[in-house]
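**Q** Fold the following and give me the result.
(2 chains)
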2 protein chains.
Amino acid sequence: MRGALSPRSAWPAPGDDCPIARAFDRIGTKSAFVILREAFYGAGRFDEFVERTGMSEPVVATRLKELTDEGLLSRTPYQEPGQRRRNGYQLTEKGSELLPVMVAMMNWGDRWLFPDGARVQLTHSGCGSPVHTELRCGAGHSIATGQLDLTQAGQPQ
Amino acid sequence: MRGALSPRSAWPAPGDDCPIARAFDRIGTKSAFVILREAFYGAGRFDEFVERTGMSEPVVATRLKELTDEGLLSRTPYQEPGQRRRNGYQLTEKGSELLPVMVAMMNWGDRWLFPDGARVQLTHSGCGSPVHTELRCGAGHSIATGQLDLTQAGQPQ
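**A** Sure, this is the predicted structure:
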């Protein structure tokens, strides 16, 4: 990556203005990621999250509350016959837009951490081909390594 | 996301075969992410990582060792005139391939956590347009929400 950011040390405190660090503060626990993963896989009810994640009820309840407070999940009450009213959880637009992060981590984990081959596969429902993340620019070009510039917003490159 | 994974609860323990969870175990501390971010931004020397991350020397040393042991960074000794021999750190291929994860987190953080606008911008050095991550399949199709299938590898879809 090339950049107009040198000297990097002249920037403001890195934690304050870095979207990666800030994102990490919001979603950076493994249990939050696992809850979100299950939401992408279709979980919606409290007991589904508990069963599918293998985490304890208090941990799941805490994470669901945090992710709801953060606006990544929304809560909708539902009621099954003869049961009390409960909350269901769905990904919001903010939560749904984490899909590229999840897919990028999944691609990387499959390639580098599963030497015997991936256990699950994401495919395009239109054609059945495996799905991956790509870097593209607004003009539609696919970005190869070394073709990225990093600039402070509003500054000339 | 559609999937042939129901009932999800019939899978093996989720932590064991999930590339996202496994990736999180390897790179899932904020300090590791921040070190990797600086490596993408071009940091190489121990003192650069300390200065740019604002983290303490022992924390930086521990993370550099872990990331090297994990194969994300490689160590190359260097020596400046009149100084003792030191180690420099570079991203390996395994480390470099985390770029889509970083860019996806950066895009999401910019959009959702910086309501006043992004502070830094990634642009294509060829044309200057902003860079983002896209989901594409092996046949080159751009993937919209709802066009993803999740299957266990080796199973019919």
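
**Q** can you count the residues close to residue A:42?
**A** With neighbours defined by other CB atoms under 10 Å in any protein chain shown, the count for residue A:42 comes to 15. All C-beta atoms are positioned from the backbone trio N, CA, C, and that covers glycine.

**Q** Look at it and give its secondary structure.
**A** Following DSSP: H, G, I helix; E, B strand; the rest coil, we place residue A:42 in the coil state.

**Q** who's in contact with the residue nearest the centre of chain A?
**A** Centrality entry for chain A: nearest residue to the mean C-alpha point is residue A:98, 3.5 Å, by CA atoms, centre = their mean. Contact partners of residue A:98, counting by CB atoms under 8 Å, 6 or more residues apart in numbering or on different chains, are A:27, A:36, A:72, B:108.

**Q** Now list the buried members of the residues you listed.
**A** Among these, those buried by neighbour count (16 or more other CB atoms under 10 Å in any protein chain shown) are A:27, A:36, A:72, B:108.

**Q** out of these, who's nearest residue B:22?
**A** Out of the buried ones among the contacts of residue A:98, the one with the shortest distance to residue B:22 is residue A:36. That distance is 15.7 Å, counting by CB to CB.

**Q** Please look at residue A:57 and residue A:49 and confirm they touch.
**A** No. Using CB atoms under 8 Å, residue A:57 makes no contact with residue A:49, being 9.3 Å away.

**Q** higher neighbour count, those two?
**A** With neighbours defined as other CB under 10 Å, residue A:57 and residue A:49 compare such that residue A:49 has more, 22 against 11.

**Q** tell me the SS of that one?
**A** Going by three-state DSSP, the secondary structure assigned to residue A:49 is helix.

**Q** quick one: it and residue A:37 touch, right?
**A** No. The criterion here is CB under 8 Å, and residue A:49 misses it with residue A:37 at 10.4 Å.

**Q** what's the overlap in contacts for the two?
**A** Contacts common to residue A:49 and residue A:37, judged by CB under 8 Å, 6+ apart, are absent.

**Q** quick one on the thing from earlier: from the contacts of residue A:98, pick the one nearest residue B:126.
**A** Using CB to CB, residue B:108 is the member of those that sits closest to residue B:126, with 24.2 Å.

**Q** Roughly how far does the closest one sit from residue B:44?
**A** When distance is defined by CB to CB, to the nearest Å, residue B:108 is 28 Å away from residue B:44.

**Q** now residue A:127
**A** Distance from residue A:127 to residue B:44, counting by CB to CB: 42 Å.

**Q** neighbour-wise, which of those two wins?
**A** For residue A:127 against residue B:44, the residue with the higher neighbour count under other CB under 10 Å is residue B:44, and the figures read 16 against 12.

**Q** Please report phi then psi for the residue lying closest to the more buried one once chain neighbours are set aside.
**A** Spatially, and ignoring its direct neighbours in sequence, residue B:44 is nearest to residue B:88 (4.7 Å; CB to CB, 6 or more residues apart in numbering or on different chains). Main-chain torsions, residue B:88, degrees, to the nearest 10: phi -110, psi 160.

**Q** what's the neighbour count on residue B:88?
**A** That count, for residue B:88 with other CB under 10 Å as the rule, works out to 15.

**Q** Same check on residue A:48?
**A** Residue A:48 has 20 neighbours, counted by other CB under 10 Å.

**Q** Over to the one 4 residues further on?
**A** In terms of burial, residue A:52 registers 22 neighbours under the definition other CB under 10 Å.

**Q** what do you get for residue A:134?
**A** Under the criterion other CB under 10 Å, the count of neighbours that residue A:134 has is 16.

**Q** Tell me who's in contact with it.
**A** The neighbourhood of residue A:134, defined by CB under 8 Å, 6+ apart, consists of A:142-143, B:100, B:133-136.

**Q** Please repeat the previous calculation with a cut-off of 7 Å.
**A** The neighbours of residue A:134, taking CB atoms under 7 Å, 6 or more residues apart in numbering or on different chains as the test, are A:142, B:133-134, B:136.

**Q** Okay, and the beta partners of it?
**A** Under DSSP bridges, the beta-bridge partners of residue A:134 are residue B:134.
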